[in-house]
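J.: Sharing a sequence plus its predicted fold:
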Amino acid sequence: MSTFAIFSAQYLPHMGGVERYTYNIASTLIRRGHKVIVVTSKTGDLPLFENSEGIKVLRVPCLNLLEGRYPVLLPGVKFFTLWKKLKRLNVDYVMVNTRFYLHSLFGMAFAKINCIPCITVEHGTSHLTIHNPVWDKIGQIFEHCLTRVDRCFCKEFYGVSMACNEWLMHFGIESKGVIYNSIDPTAFQKLAQGESESFRYKNNVKPGAVAIAFTGRLIKEKGILQLVHVMNRLHEKYPEIVLFIAGDGDLEEEIREQKSSYIIPLGRLEYKQVAALLSETDIFCLPSFSEGFSTSLLEAAVWDNYIITTARGGARELLPDDAYGTVIENNDEETLYNAFEQILSDPDRRAKAVELTRKRVYSRFTWEAAVDKLESIFEEKTN
């Protein structure tokens, strides 16, 4: 068996799509008998070294910028101690998750200097934004410069969706393929079984009422404000529909101000609570305009939620046509409103779509399939 080092600028207990991707790839590799080291950023009072569920976690001292969205590693004595420790672990393969962190460059450089096969997996489909034109432009220039340096150390890039591969072309990089973002459907469903609390009951949702879910960070990129505005319009025609909003972020306070009998902010939920929520909802909506391949779409599909989302990330790969769900080109409020109108008036279409999408998840988007692809990539490098 082999030793994999996965470099991920952010990792558990910090929650996000890249963090879950890293954890699930690592866990699946461990189950197959491999050794896994996750190299990530040290935030808060987390230890430099720990062993978690058989995964060795090494944390690099960092400076947390943009409220934790962009950790920057800090060279120093502890950094070089970690480098030496990592080298003693006899790593066979290096996988770098995401491309635009200095932490990513650290992983690529470690692999290059030590002659270790390395791949980088892209998770984004647009530039990072802080919604300031000047700083966004500076950030874009920095990202292009950093990517040029990245390419000196790593030649093989993959995406978690075809949309990510298209985004790589923006930097002149031709992807080698896709290692899909995935899910363990059985494990995700089991999470909900231990939750006795009913979100519908607690919030006085009438039996038979259509419940819509949004799960994710409450930031502008996710389109949550457009969704709330559309819900206010829909409620006039469909007075019994409700929207559950699970997540936290920059817009949390603004969303809480919109709380009503039919717009129900839940704050940040534990992962098992997310599973329980989706087991009670009928439609999942993610009107994002920046996405790699949202795990939330897969989670919703496992629990038979009809999906309405934008043509970002892996949406078209999960929902190849209208028989599977609704993919809209943008999150313009009128477009989003019309998408809801069409599906709320056609429950038979919803029922057929959720069955098709669930089957597609089980056949194509599991962690076992993702790790099969990962193993085959590195096997080809060593044969």
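T.: Received, thanks. Numbering: from 1, shown residues only.
J.: residues touching residue 15, list them.
T.: Residue 15 sits next to residue 271 when contact means CB atoms under 8 Å, 6 or more residues apart in numbering. For the C-beta atoms, the positions are set from N, CA and C on the backbone; glycine is no exception.
J.: what ranges of this protein fall below the confidence cut-off?
T.: For the chain, the stretches flagged by pLDDT under 70 are 66-68, 77, 292.
J.: Then residue 228 would be within a strand, right?
T.: No. Residue 228 sits outside any strand when classified using DSSP: H, G, I helix; E, B strand; the rest coil, being helix.
J.: Which residue comes closest to it once chain neighbours are left out?
T.: Distances taken as CB to CB, 6 or more residues apart in numbering place residue 258 nearest to residue 228, at 5.2 Å, with adjacent residues excluded.
J.: Give me the neighbour count for that neighbour.
T.: A count of nearby residues for residue 258, using other CB atoms under 10 Å, gives 18.
J.: my guess is it contacts residue 227, does it?
T.: No. Counting by CB atoms under 8 Å, residue 258 does not reach residue 227; the two are 10.4 Å apart.
J.: end to end, how far does stretch 326-345 reach?
T.: End-to-end distance of stretch 326-345: 14 Å, with CA to CA, to the nearest Å as the criterion.
J.: my bad, should have said stretch 127-138
T.: Start-to-end, stretch 127-138 (CA to CA) is 11 Å.
J.: Over to stretch 177-188?
T.: 27 Å.
J.: Mind listing what's buried along that stretch?
T.: By neighbour count on 16 or more other CB atoms under 10 Å, the buried set for stretch 177-188 is 178, 179, 180, 181, 182, 183, 184, 185, 188.
J.: gap between it and the chain center?
T.: 11 Å (CA atoms, centre = their mean, to the nearest Å).
J.: and if you look at stretch 38-52?
T.: In terms of CA atoms, centre = their mean, the gap separating the centre of stretch 38-52 from the centre of its chain is 20 Å.
J.: Format the CA atom coordinates belonging to that stretch as CSV.
T.: Output of stretch 38-52 as CSV, limited to C-alpha atoms (Å, rounded to 0.1, in the frame of the first residue of the first chain):
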residue,chain,number,x,y,z
VAL,A,38,-3.3,15.8,5.4
VAL,A,39,-1.2,18.9,5.5
THR,A,40,-3.3,21.9,6.3
SER,A,41,-3.2,25.4,8.0
LYS,A,42,-3.0,25.8,11.8
THR,A,43,-5.8,28.0,12.9
GLY,A,44,-7.0,28.9,16.4
ASP,A,45,-5.7,26.6,19.1
LEU,A,46,-5.6,23.4,16.9
PRO,A,47,-2.5,21.2,17.5
LEU,A,48,0.4,21.1,15.0
PHE,A,49,0.2,17.3,14.8
GLU,A,50,-2.6,14.9,15.5
ASN,A,51,-4.0,11.5,14.4
SER,A,52,-7.7,11.7,13.5
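J.: can you list contacts of that stretch?
T.: Contacts for stretch 38-52 (CB under 8 Å, 6+ apart): 5-14, 22-23, 26, 55-62, 64, 68, 71, 73, 78, 82, 85-86, 103, 106-107.
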